[in-house]
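[1] Just need the structure, nothing else, for what follows:
(2 chains)
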Amino acid sequence: KAGVTQTPRYLIKTRGQQVTLSCSPISGHRSVSWYQQTPGQGLQFLFEYFSETQRNKGNFPGRFSGRQFSNSRSEMNVSTLELGDSALYLCASSVIQRGGGYEQYFGPGTRLTVT
Amino acid sequence: LAKTTQPISMDSYEGQEVNITCSHNNIATNDYITWYQQFPSQGPRFIIQGYKTKVTNEVASLFIPADRKSSTLSLPRVSLSDTAVYYCLVGERDKIIFGKGTRLHILP
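    I've put the predicted structure just below:
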(Lines give C-alpha, C1' and ligand atoms only; values in the text may rest on other atoms or scores of the structure.)
Protein backbone atom coordinates (compact mmCIF):
# COMPACT_ATOMS: atom_id res chain seq x y z
CA LYS A 1 0.00 0.00 0.00
CA ALA A 2 1.30 3.45 -0.88
CA GLY A 3 1.89 5.76 2.05
CA VAL A 4 0.64 9.27 2.60
CA THR A 5 1.92 11.60 -0.09
CA GLN A 6 2.27 15.34 0.11
CA THR A 7 2.98 17.83 -2.63
CA PRO A 8 4.97 19.88 -3.08
CA ARG A 9 7.80 18.82 -0.80
CA TYR A 10 9.41 22.23 -0.74
CA LEU A 11 7.99 25.66 -1.36
CA ILE A 12 9.26 29.22 -1.13
CA LYS A 13 6.78 32.07 -1.01
CA THR A 14 6.90 35.74 -0.15
CA ARG A 15 4.94 37.56 2.51
CA GLY A 16 1.39 38.34 1.53
CA GLN A 17 1.07 35.51 -0.96
CA GLN A 18 -1.16 32.52 -0.51
CA VAL A 19 -0.28 28.85 -0.77
CA THR A 20 -2.09 25.55 -1.26
CA LEU A 21 -0.66 22.26 -0.06
CA SER A 22 -1.97 18.87 -1.08
CA CYS A 23 -2.20 15.55 0.73
CA SER A 24 -3.25 12.14 -0.54
CA PRO A 25 -4.06 9.72 2.29
CA ILE A 26 -3.50 6.00 2.30
CA SER A 27 -6.10 4.24 0.21
CA GLY A 28 -9.16 3.52 2.31
CA HIS A 29 -8.37 6.08 5.00
CA ARG A 30 -11.11 8.65 5.30
CA SER A 31 -9.63 10.84 8.03
CA VAL A 32 -6.95 13.40 7.23
CA SER A 33 -5.30 15.68 9.76
CA TRP A 34 -2.92 18.57 9.24
CA TYR A 35 -0.15 19.71 11.56
CA GLN A 36 2.33 22.57 11.60
CA GLN A 37 5.78 21.91 12.98
CA THR A 38 8.23 24.64 13.92
CA PRO A 39 11.35 24.50 16.10
CA GLY A 40 9.80 26.82 18.67
CA GLN A 41 6.26 25.46 18.93
CA GLY A 42 6.74 21.84 18.02
CA LEU A 43 3.93 19.89 16.38
CA GLN A 44 0.64 21.78 16.45
CA PHE A 45 -2.68 20.43 15.27
CA LEU A 46 -4.37 22.49 12.55
CA PHE A 47 -7.53 20.57 11.62
CA GLU A 48 -8.98 17.19 10.83
CA TYR A 49 -11.31 16.21 8.01
CA PHE A 50 -13.46 13.13 7.75
CA SER A 51 -15.73 12.38 4.82
CA GLU A 52 -15.32 15.91 3.44
CA THR A 53 -16.32 17.55 6.74
CA GLN A 54 -14.08 19.39 9.14
CA ARG A 55 -14.43 17.43 12.34
CA ASN A 56 -11.96 19.17 14.60
CA LYS A 57 -9.94 22.37 14.51
CA GLY A 58 -6.87 23.61 16.32
CA ASN A 59 -6.12 27.10 17.52
CA PHE A 60 -4.96 28.78 14.31
CA PRO A 61 -6.17 32.01 12.67
CA GLY A 62 -8.72 31.97 9.86
CA ARG A 63 -5.93 32.42 7.30
CA PHE A 64 -5.46 28.67 7.62
CA SER A 65 -8.17 26.67 5.93
CA GLY A 66 -8.63 23.27 4.45
CA ARG A 67 -10.92 21.01 2.59
CA GLN A 68 -11.33 17.38 1.71
CA PHE A 69 -12.57 15.91 -1.53
CA SER A 70 -14.79 12.90 -2.12
CA ASN A 71 -11.72 10.72 -2.80
CA SER A 72 -10.37 11.71 0.67
CA ARG A 73 -7.57 13.83 -0.79
CA SER A 74 -7.15 17.01 1.20
CA GLU A 75 -5.77 20.47 0.63
CA MET A 76 -4.82 23.16 3.07
CA ASN A 77 -4.58 26.81 2.17
CA VAL A 78 -2.77 29.61 3.90
CA SER A 79 -3.64 33.12 2.79
CA THR A 80 -1.71 36.34 3.36
CA LEU A 81 1.46 34.51 4.34
CA GLU A 82 3.55 35.78 7.24
CA LEU A 83 7.17 35.05 8.05
CA GLY A 84 6.03 33.01 11.03
CA ASP A 85 4.20 30.61 8.75
CA SER A 86 7.54 29.12 7.71
CA ALA A 87 7.30 25.54 8.91
CA LEU A 88 7.05 21.89 8.04
CA TYR A 89 3.42 21.09 7.29
CA LEU A 90 2.53 17.50 7.94
CA CYS A 91 -0.49 15.57 6.83
CA ALA A 92 -1.63 12.35 8.46
CA SER A 93 -4.31 9.85 7.61
CA SER A 94 -5.68 7.62 10.30
CA VAL A 95 -7.40 4.33 10.81
CA ILE A 96 -9.23 2.82 13.73
CA GLN A 97 -7.40 -0.21 15.06
CA ARG A 98 -9.11 -3.48 15.80
CA GLY A 99 -8.72 -2.98 19.55
CA GLY A 100 -10.45 0.40 19.42
CA GLY A 101 -7.41 2.65 19.31
CA TYR A 102 -6.27 4.55 16.27
CA GLU A 103 -3.06 4.96 14.32
CA GLN A 104 -1.93 7.97 12.35
CA TYR A 105 0.27 7.61 9.29
CA PHE A 106 2.22 10.73 8.49
CA GLY A 107 3.42 11.97 5.14
CA PRO A 108 6.92 13.39 4.57
CA GLY A 109 5.67 16.94 4.93
CA THR A 110 5.89 20.12 2.90
CA ARG A 111 8.66 22.50 3.91
CA LEU A 112 7.29 26.04 3.44
CA THR A 113 9.65 28.99 3.60
CA VAL A 114 8.19 32.49 3.63
CA THR A 115 10.58 35.31 2.76
CA LEU B 1 -7.65 17.29 27.18
CA ALA B 2 -4.98 15.18 28.80
CA LYS B 3 -1.62 16.93 28.86
CA THR B 4 1.56 14.92 28.79
CA THR B 5 4.89 15.55 30.45
CA GLN B 6 8.05 13.78 29.37
CA PRO B 7 11.78 14.48 29.74
CA ILE B 8 13.14 16.97 27.25
CA SER B 9 16.17 14.86 26.41
CA MET B 10 17.93 11.62 27.25
CA ASP B 11 21.27 10.07 26.37
CA SER B 12 22.05 6.38 26.24
CA TYR B 13 24.56 4.01 24.71
CA GLU B 14 24.24 1.47 21.97
CA GLY B 15 23.04 -1.90 23.18
CA GLN B 16 21.34 -0.50 26.27
CA GLU B 17 17.65 -0.65 27.09
CA VAL B 18 16.06 2.78 27.14
CA ASN B 19 12.96 3.65 29.13
CA ILE B 20 11.14 6.93 28.50
CA THR B 21 8.41 7.79 30.96
CA CYS B 22 5.46 10.03 30.22
CA SER B 23 3.07 11.37 32.83
CA HIS B 24 -0.56 12.11 32.01
CA ASN B 25 -2.32 12.75 35.29
CA ASN B 26 -5.71 13.74 33.86
CA ILE B 27 -6.08 10.94 31.34
CA ALA B 28 -9.71 10.25 30.50
CA THR B 29 -11.43 6.89 30.50
CA ASN B 30 -11.60 6.67 26.71
CA ASP B 31 -8.04 7.87 26.07
CA TYR B 32 -5.41 5.66 24.50
CA ILE B 33 -1.69 6.19 24.97
CA THR B 34 0.34 6.36 21.79
CA TRP B 35 4.04 6.83 21.10
CA TYR B 36 5.56 8.19 17.92
CA GLN B 37 9.13 8.48 16.70
CA GLN B 38 10.33 11.33 14.52
CA PHE B 39 13.57 11.79 12.62
CA PRO B 40 14.63 15.25 11.39
CA SER B 41 12.63 16.55 8.42
CA GLN B 42 10.36 13.50 8.40
CA GLY B 43 6.84 12.91 9.62
CA PRO B 44 6.33 11.07 12.92
CA ARG B 45 6.13 7.31 12.76
CA PHE B 46 3.79 5.23 14.94
CA ILE B 47 5.65 3.02 17.41
CA ILE B 48 3.12 1.55 19.80
CA GLN B 49 -0.26 2.15 21.40
CA GLY B 50 -1.92 0.84 24.52
CA TYR B 51 -4.81 1.31 26.88
CA LYS B 52 -3.70 -0.54 30.00
CA THR B 53 -1.13 -3.03 31.34
CA LYS B 54 1.58 -4.01 28.89
CA VAL B 55 1.77 -4.00 25.13
CA THR B 56 4.69 -5.35 23.12
CA ASN B 57 5.47 -5.31 19.43
CA GLU B 58 8.53 -5.97 17.34
CA VAL B 59 10.19 -2.65 18.17
CA ALA B 60 9.09 -1.62 21.67
CA SER B 61 7.12 -2.33 24.82
CA LEU B 62 4.68 -0.03 26.53
CA PHE B 63 4.05 -0.34 30.25
CA ILE B 64 0.95 1.26 31.71
CA PRO B 65 0.23 1.04 35.47
CA ALA B 66 -3.24 0.38 36.79
CA ASP B 67 -4.01 4.07 37.44
CA ARG B 68 -2.95 4.95 33.85
CA LYS B 69 -1.49 8.27 35.03
CA SER B 70 1.84 7.47 33.43
CA SER B 71 3.32 5.18 30.83
CA THR B 72 6.80 3.98 29.96
CA LEU B 73 8.11 3.30 26.49
CA SER B 74 10.85 0.69 26.55
CA LEU B 75 13.26 0.32 23.64
CA PRO B 76 15.39 -2.82 23.93
CA ARG B 77 19.04 -2.75 22.85
CA VAL B 78 19.05 0.63 21.13
CA SER B 79 21.29 1.46 18.19
CA LEU B 80 22.57 4.74 16.77
CA SER B 81 19.62 4.78 14.37
CA ASP B 82 17.23 5.10 17.32
CA THR B 83 18.43 8.68 17.83
CA ALA B 84 15.22 10.64 17.32
CA VAL B 85 12.47 12.56 19.07
CA TYR B 86 9.87 10.42 20.82
CA TYR B 87 6.38 11.76 21.44
CA CYS B 88 3.87 10.51 23.96
CA LEU B 89 0.26 11.24 23.04
CA VAL B 90 -2.88 10.77 25.04
CA GLY B 91 -6.36 11.21 23.70
CA GLU B 92 -9.12 10.07 21.48
CA ARG B 93 -8.68 10.28 17.75
CA ASP B 94 -10.04 13.77 17.42
CA LYS B 95 -8.38 15.27 20.46
CA ILE B 96 -4.72 14.69 19.78
CA ILE B 97 -2.10 17.02 21.17
CA PHE B 98 1.60 16.51 20.63
CA GLY B 99 3.86 17.57 23.48
CA LYS B 100 7.43 18.70 23.07
CA GLY B 101 8.70 15.14 22.93
CA THR B 102 11.88 13.56 24.29
CA ARG B 103 15.03 13.98 22.25
CA LEU B 104 16.85 10.65 22.58
CA HIS B 105 20.52 10.64 21.70
CA ILE B 106 22.25 7.28 21.36
CA LEU B 107 26.00 7.32 21.82
CA PRO B 108 28.44 4.74 20.40
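[2] Specify the beta-bridge partners of the residue of chain A found nearest chain B.
    Using CB to the nearest CB, the single residue of chain A nearest to chain B is A:Phe106, 2.9 Å away. Any C-beta I mention is one placed from the backbone N, CA and C, and that applies to glycine too. Residues in a beta bridge with A:Phe106, per DSSP bridges, are A:Ala92.
[3] quick one: contacts for it?
    A:4, A:90-92, B:42-45 (CB atoms under 8 Å, 6 or more residues apart in numbering or on different chains).
[4] who wins for neighbours among these?
    The most crowded member of these, judged by other CB atoms under 10 Å in any protein chain shown, is A:Cys91 (30 neighbours).
[5] What distance do you get for the residue in chain B that chain A sits nearest to to A:Pro108?
    Residue nearest to chain A within chain B: B:Gly43 (2.9 Å; CB to the nearest CB). Computed as CB to CB, to the nearest Å, the B:Gly43 to A:Pro108 distance reads 6 Å.
[6] Please apply the same query to B:Asn57.
    Taking CB to CB, one finds B:Asn57 at 23 Å from A:Pro108.
[7] between these two, which one's more packed in?
    Neighbour count, other CB under 10 Å: between B:Asn57 and A:Pro108, A:Pro108 has more, with 17 against 11.
[8] Identify the residue spatially nearest to the spatially most distant residue from the centre of chain B, adjacent ones excluded.
    The centre of chain B is farthest from one residue, B:Pro108, which by CA atoms, centre = their mean lies 22.3 Å away. Nearest residue to B:Pro108, sequence neighbours excluded (CB to CB, 6 or more residues apart in numbering or on different chains): B:Glu14, at 5.8 Å.
[9] Could you do A:Gln68 as well?
    A:Gln68's closest residue in space is A:Tyr49 (CB to CB, 6+ apart), at 3.7 Å.
[10] per-residue pLDDT, the one you found?
    Looking at A:Tyr49, its pLDDT reads 93.
[11] So the residue farthest from the centre of chain B sits against B:Gln16, correct?
    No. With contact defined as CB atoms under 8 Å, B:Pro108 does not reach B:Gln16; the gap is 11.6 Å.
[12] Now list whatever residues contact both of those two.
    With CB under 8 Å, 6+ apart, B:Pro108 and B:Gln16 have no common neighbours.
[13] Going along the chain, name the strands of chain A.
    A:5-7, A:10-13, A:19-24, A:31-38, A:42-50, A:53-57, A:64-68, A:74-78, A:87-96, A:102-106, A:110-114 (DSSP state E).
[14] Compare those and give me the one nearest B:Thr21.
    The minimum distance between B:Thr21 and those falls on strand A:42-50, with 18.9 Å, by CB to CB.
[15] contacts for that closest one?
    Outside strand A:42-50, the residues within contact range by CB under 8 Å, 6+ apart are A:30-38, A:54-60, A:64, A:66-68, A:74, A:76, A:90, B:44, B:87, B:94, B:96-101.
[16] before we move on, back to that, for the contacts of A:Phe106, work out which two are farthest apart.
    Of all pairs in the contacts of A:Phe106, the most separated under CB to CB is A:Cys91 and B:Arg45 at 14.1 Å.
[17] okay, B:Thr29: pLDDT?
    Predicted confidence (pLDDT) for B:Thr29: 89.
[18] Just the angle for the lowest-mean-pLDDT helix or strand in chain A relative to strand A:42-50, thanks.
    Lowest by mean pLDDT, DSSP states H and E among the helices and strands of chain A is strand A:102-106, with a mean of 85. In terms of direction (axes from the mean of the first three to the mean of the last three CA atoms, to 10 degrees), strand A:102-106 departs from strand A:42-50 by 110 degrees.
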